[in-house]
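S.K.: Fold the following for me, if possible:
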Amino acid sequence: MSSHVSNRARVIPLRPVPDESAGPAPREPLWRDVVGDVLRRERLAQERTLKDVAESARISMPYLSELERGRKEASSEVLAAAAHALGLGLADLLALAHRRLARPAPSARPVPSARPVGSRPAPGRTEAQSRLGDIRLAA
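M.R.: Okay, the predicted model is just below:
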């Protein structure tokens, strides 16, 4: 009898091995889908048409439609133009998109609000800019 020891190294996974019985892991959203969703929600909240916003942003209506549906990746210049046409700054648009990405999981503990509950937004701000005050900051 010969005692043969295997030369195979033991592999230790760096990430936990997913439990296949629980189904596939949730997919990270694409940036273009998130930004497009924010653009569409803002446009609809203002009760404006694609044509109106596209003309104001000086981009084509079909292109704006494709941006809203997440079919196209927009340059920062196009995103800024679309944001400005909606009365937002580029930073406002990106903050709203970040807020959608950073929503805590239902089981996560809440993070204190960046603005005290019940406080009013600064005068002269749009509704979308006012909602930016609801962004949660993590320490």
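
S.K.: what's the lengthiest helix in the chain in contact with?
M.R.: Selection of the longest helix in the chain by residue count, based on DSSP state H, yields helix 31-45. Defining contact as Cβ atoms under 8 Å, 6 or more residues apart in numbering, one finds that helix 31-45 is touched by 50, 53, 64, 67-74, 79, 82-83, 86, 88, 93, 96-97, 100-101, 127-128. C-betas here are computed from N, CA, C, even on glycine.

S.K.: Restricted to strands, list those residues.
M.R.: Among the contacts of helix 31-45, no member falls in strands (DSSP state E).

S.K.: which residues of the protein score low on pLDDT?
M.R.: Scanning the chain for pLDDT under 70 picks out the ranges 1-6, 16-25, 104-139.

S.K.: mind listing the helices for this structure?
M.R.: Applying DSSP H to the chain gives helices spanning 31-45, 50-57, 61-68, 76-85, 90-101, 127-131.

S.K.: Perfect, that will be all.
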